[in-house]
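>>> Can you look at this prediction? I've put the sequence above it.
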Amino acid sequence: MQTISAILALGPVVPVLTIDDVETAVPLARALAKGGLPAIEVTLRTAASPDAIRAIAAEVPEATVGAGTILTPKHYEAAVDAGARFIVSPGCTPDLVRAATESEVPFLPGAATASEVMTLMGANFTHMKFFPAGPAGGVKMLAALAAPLPAVRFCPTGGVTLENAPDYLALPNVACVGGSWVAPADAVKARDWGRIEELARAAAALRK
Ligand SMILES: O=C(O)C(=O)C[C@H](O)[C@H](O)COP(=O)(O)O
């Protein structure tokens with residue numbers, strides 16, 4: 001089992017995917033990994049998502065598939081059963097902390113304020129999703145959090161783009177960024193894996 005720190009170091013961007021059609025999961029994950037983004041987050045927001053995670057875990061060994069939008073211990077368990085290698089939440093709850101403690105699959109909880117970060121530090125988390133990054137204060141907020149809380153590493157997600165990602169990645173407390181822009185819905189619908197591979201390649205060229 002890889003640590004969350006190792007998984008977030010696999011690339012500068014973690015694609016966030018919402019998969020409606022399970023048939024797209026494997027070619028989509030292959031295109032992203034081929035473009036240089038092997039750590040992939042599949043949100044648990046659609047009926048197809050558990051099977052999508054299962055298919056990627058089984059058929060795309062070059063990818064490290066995680067599950068996002070994990071809101072409850074039941075979601076956590078379902079994602080682990082499907083083969084998720086990491087678990088992501090937009091926030092956190094005591095129940096999720098317990099589920100994470102009982103699982104060997106690592107957890108990236110979400111935080112957006114100093115108090116939330118401190119609560120998660122108290123539960124021994126060193127890596128957190130900063131969500132929703134843009135609305136919660138963006139680069140300025142993360143830079144400000146680094147002063148009193150320098151040990152925590154973040155994956156800002158929510159409103160991150162190819163254009164603003166470099167500003168986030170330049171911060172010492174940012175491990176990588178997350179975003180859905182590398183797999184636009186229209187490209188997935190059109191099965192345009194070449195375009196997605198190109199978008200992944202451009203994102204992978206960003207330097208941490
Ligand atoms: O579902 C989750 O677990 C989330 O935390 C939300 C996603 O990470 C964002 O919806 C991605 O945001 P965009 O890149 O702005 O589209």
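That came through, no problem.

>>> phi, psi of Pro12?
The phi/psi pair for Pro12 (degrees, to the nearest 10) reads phi -80, psi -20.

>>> I'd say it and Leu162 touch.
No. With contacts counted by CB atoms under 8 Å, Pro12 stays clear of Leu162, the gap being 10.8 Å. All C-beta spots, glycine's among them, are computed from the backbone N, C-alpha and C.

>>> Settle it for me: which of those two has more neighbours?
Pro12 (22 against 15; other CB atoms under 10 Å).

>>> Ignoring the adjacent residues along the chain, who's closest to that one?
The spatial neighbour of Pro12 that comes closest, neighbours along the chain excluded (CB to CB, 6 or more residues apart in numbering), is Leu206 at 4.5 Å.

>>> Can you tell me the element that neighbour falls in?
Using DSSP states H and E, Leu206 maps to neither a helix nor a strand.

>>> Do you have the helices of this structure handy? List them.
Counting by DSSP state H, one finds helices in the chain at the ranges 4-8, 25-35, 49-59, 73-82, 94-102, 114-122, 138-146, 165-169, 185-189, 193-204.

>>> Looking at these, which one is packed in the most?
helix 25-35 (a mean of 23; mean count of other CB atoms under 10 Å).

>>> helices or strands next to that helix in the packing?
For helix 25-35, the elements it packs on are strand 39-43, helix 49-59, helix 193-204, judged by 3 or more CB pairs under 8 Å, 6 or more residues apart in numbering; DSSP states H and E.

>>> Reformat these into JSON lines and put distance to the ligand and mean pLDDT next to each item.
Rendered in JSON lines, the data for the helices and strands packed on helix 25-35 read as follows (distance: least, CB to the nearest ligand atom, whole Å; pLDDT from 0 to 100):
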{"stretch": "strand 39-43", "distance to the ligand": "4", "mean pLDDT": "98"}
{"stretch": "helix 49-59", "distance to the ligand": "10", "mean pLDDT": "98"}
{"stretch": "helix 193-204", "distance to the ligand": "11", "mean pLDDT": "98"}
